[in-house]
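J.: Sequence and computational prediction follow.
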Amino acid sequence: MGTGYEYRCPNCKYETEILLGIGLFFHRTQKRVTEQAAKGKFGVTLKQIVKHGNSVTVSPAKYLYYCEDCHVCKNDYCLNVYEELDNLKSEEIYRFIHKCPICHKEMKRTDQKPSFALKCPKCNTIMDYSGDIMWD
């Protein structure tokens with residue numbers, strides 16, 4: 001089960017949901033995200049690793065990524081690549097780096113409710129927290 005948080009801008013009324021974790025459709029989402037990676041949706045490097053790896057999967061866990069310098073946030077899949085060693089074990093073979101779209105520095109990851117103010121992407125006003133979400 002995943003958790004999430006709703007935010008609303010008091011100025012322009014922009015609303016967003018931040019979904020964290022993995023829902024009940026883990027395997028279906030993992031397959032879809034891995035197929036998208038193989039088609040290049042997440043960049044050339046990830047595409048090559050997935051296409052040429054043996055028994056590899058891409059992590060579909062959702063996290064909040066944020067830039068400490070620019071205060072930009074994005075809710076995205078983890079996208080780390082794992083190779084299955086056997087039915088019970090896997091090993092991380094590639095760590096996807098989420099970069100800030102403004103300064104291009106590596107973004108930090110959190111799987112918890114943000115402890116910092118989220119700014120509205122439309123008007124740059126600090127958004128109000130409006131509720132929790134439980135999702136599958």
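T.: Right, received. Where do you want to start?
J.: What part of this structure, helix or strand, is modelled with the least confidence?
T.: Using mean pLDDT, DSSP states H and E, the weakest-scoring helix or strand in the chain turns out to be strand 128-135, at a mean of 78.
J.: Mind listing the strands that strand pairs with, and their directions?
T.: The pairing partners recorded for strand 128-135 under DSSP bridges are strand 2-8 (antiparallel).
J.: Please identify the buried residues of the partner strand?
T.: Neighbour counts using 16 or more other C-beta atoms under 10 Å place G2, T3, G4, Y5, Y7, R8 of strand 2-8 among the buried residues. No exception for glycine: its C-beta is placed from N, CA and C like everyone else's.
J.: The third one touches L20, doesn't it?
T.: By that I understand G4. Yes - at 6.2 Å, G4 counts as touching L20 under the criterion of C-beta atoms under 8 Å.
J.: returning to that earlier point: need the CA coordinates for the least confident helix or strand of the chain. PDB is fine.
T.: Taking C-alpha atoms only, strand 128-135 is exported to PDB below (Å, rounded to 0.1, in the frame of the first residue of the first chain):
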ATOM      1  CA  ASP A 128      -1.100  24.300   1.800                       C
ATOM      2  CA  TYR A 129      -1.200  20.700   2.900                       C
ATOM      3  CA  SER A 130      -4.800  19.500   2.500                       C
ATOM      4  CA  GLY A 131      -4.800  15.800   3.400                       C
ATOM      5  CA  ASP A 132      -3.500  12.300   3.400                       C
ATOM      6  CA  ILE A 133      -4.100   9.600   0.800                       C
ATOM      7  CA  MET A 134      -3.900   5.800   1.100                       C
ATOM      8  CA  TRP A 135      -3.600   4.200  -2.400                       C
END
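J.: This completes my enquiry, with thanks.
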